[in-house]
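J.: got a structure for you, letters missing:
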């Protein structure tokens, strides 16, 4: 039976596994574009102001860094190996009627085996300029990820298996329709979270994996709020797409990293690049346990940091 790994980004922590009754295969046709509203609703304007103020406050605090880490954020091979295990094998929260702590048990290693075909889709309220800028940003990021992982990751219009939805407050009806089409078997608990996103949950990812001998990720859906100012929105693209490749958890010990709820970094860091390289290294196999992967991960971490463990 397929399995959905639901994780949120930026301030909300990770939401872990919930069970689907179908793989939620993406439909081939794109719904007809709805006419743009004459003006955003008061609620959408208020949400936009809230996030603009939040971004400004984070920047004043020196957070949302774009430098990828530096001399003030050193990490050793041992730290990199431990962070990989925590982020790749463990879930932070479970999904029920509300968020709750996960059971602490390690799951199997998951990642994509098929080529990743990313499609960015926008709600009717999103402006043409924002659509063009976001599409270009995601396209460039997909190219970077493909080079890092040595795995085919590219933008696609036909037969996408990784949907990135950018929807605003005024696009709730459209979002509900598209989620029902793309993930028809989504559990009621997960659907309720998506349809009523709390304000402090800025974006999230659902990664759908086949629960069989090879638990590879088969499809993913990322949801990003359109009201975010540019940097917060780009932060969501970086974290959710990277997590959708198989790094599904956050860890408060990971630094420098976007896989950490402290919001210090806005973009993928040098540390995170190494995590992705490790995840898609052919020495690690889909379905491995944490115990099986640990000695291999230590060897890779030592090579990537040029340090002894």
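T.: Yep, that arrived. Computed from a predicted model, the values in this text were never measured in an experiment.
J.: only C-alpha atoms from now on, for both contacts and neighbour counts.
T.: Fine.
J.: so residue 115 makes contact with residue 150?
T.: No: assessed by C-alpha atoms under 8 Å, residue 115 is found out of contact with residue 150, at 10.7 Å.
J.: show me what contacts the spatially closest residue to residue 226 that is not a sequence neighbour?
T.: Leaving aside its sequence neighbours, residue 226 sits nearest to residue 168 (C-alpha to C-alpha, 6 or more residues apart in numbering; 4.6 Å). Counting by C-alpha atoms under 8 Å, 6 or more residues apart in numbering, residue 168 touches 44, 123, 125, 126, 225, 226, 227.
J.: helix or strand with the lowest mean pLDDT in this structure?
T.: Between all helices and strands in the chain, the lowest mean by mean pLDDT, DSSP states H and E belongs to strand 18-19, at a mean of 27.
J.: following it, which helix or strand comes up?
T.: With elements assigned by DSSP states H and E, the helix or strand that comes after strand 18-19 is helix 42-60.
J.: which parts of the stretch 201-309 of the chain are helices?
T.: Ranges of helices in the stretch 201-309 of the chain, per DSSP state H, counting those that start in this stretch, are 230-243, 270-279, 290-305.
J.: now for the first one, which elements pack on it?
T.: Yep, that's helix 230-243 we're talking about. Contacts defined by 3 or more C-alpha pairs under 8 Å, 6 or more residues apart in numbering; DSSP states H and E place helix 230-243 against strand 3-9, helix 128-149, strand 203-209, strand 217-225.
J.: now the second one against helix 230-243, angle please.
T.: Just to be clear, that refers to helix 128-149. Inter-element angle recorded for helix 128-149 and helix 230-243: 40 degrees (by axes from the mean of the first three to the mean of the last three C-alpha atoms, to 10 degrees).
J.: which regions of the stretch 101-250 of the chain sit below the pLDDT cut-off?
T.: 101-104, 211-213 (pLDDT under 70).
J.: do that again at 50, thanks
T.: Counting by pLDDT under 50, the stretch 101-250 of the chain has low-confidence residues at 101-103.
J.: related to what we said a few turns ago, so how far is residue 106 from the residue nearest to residue 226?
T.: According to C-alpha to C-alpha, to the nearest Å, residue 168 stands 35 Å off from residue 106.
J.: over to residue 120?
T.: Residue 120 sits at a distance of 32 Å from residue 106 (criterion: C-alpha to C-alpha).
J.: re the thing from before, any idea which of the helices and strands packed on helix 230-243 gets closest to residue 267?
T.: Closest approach to residue 267 among the helices and strands packed on helix 230-243 (C-alpha to C-alpha): helix 128-149, 10.2 Å.
J.: on that earlier part again, and among the helices of the stretch 201-309 of the chain, the most buried is which?
T.: Mean neighbours per residue, mean count of other C-alpha atoms under 10 Å, is largest over the helices of the stretch 201-309 of the chain for helix 230-243, with a mean of 23.
J.: and residue 73, how far is that from residue 275?
T.: 16 Å.
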